[in-house]
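Enquirer: need coordinates for the below:
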Amino acid sequence: MKQTTPPSYFPSRLSLAIAWAILIALTVGTMFTGRVTHHSTLGVPLFAALLLVTWAKAAIILRTYLNLRTVPAAADALTILVGLVLAVIATLYVLAR
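Expert: Numbers count the residues shown, from 1 in each chain. Predicted structure coming up:
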């Protein structure tokens, strides 16, 4: 009889490397949407794009590096919570303009 190995609860090296590469790409996206080389303020569309990139980075960190992919309900709940915090920040930014 063939013995099967149980599935690992830990992320593989490949999935960690892919998540790391995506985070690097999103960090470069943050640099462009945040206009790090300009001395002017961000408009609402660029600020919304910046928050969207931030939300994507948080979701990747939660699911891959905190290993919440094994508990999808917790990962979804925390991703929604991060999204709500970012929505409050976006609302306050728009109201302050």
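
Enquirer: show me what contacts the residue nearest in space to the middle of the chain?
Expert: In the chain, the centroid-proximal residue (C-alpha atoms, centre = their mean) is residue 57; its distance is 1.9 Å. By C-beta atoms under 8 Å, 6 or more residues apart in numbering, residue 57 lies in contact with 23, 26-27, 30. All C-beta spots, glycine's among them, are computed from the backbone N, C-alpha and C.

Enquirer: next, give phi and psi for it.
Expert: phi -60, psi -40 (degrees, to the nearest 10).

Enquirer: measure it to residue 26 for me?
Expert: Separation of residue 57 from residue 26 (C-beta to C-beta, to the nearest Å): 5 Å.

Enquirer: likewise for residue 52?
Expert: Distance of residue 52 to residue 26, computed by C-beta to C-beta: 10 Å.

Enquirer: same thing with residue 61?
Expert: Using C-beta to C-beta, residue 61 is found at 10 Å from residue 26.

Enquirer: please apply the same query to residue 34.
Expert: Residue 34 sits 12 Å away from residue 26, going by C-beta to C-beta.

Enquirer: return the distance of the longest helix along the chain from the chain's centre.
Expert: Using DSSP state H to define each element, the chain has its longest helix at helix 72-96. Distance, stretch centre to chain centre, for helix 72-96: 11 Å (C-alpha atoms, centre = their mean, to the nearest Å).
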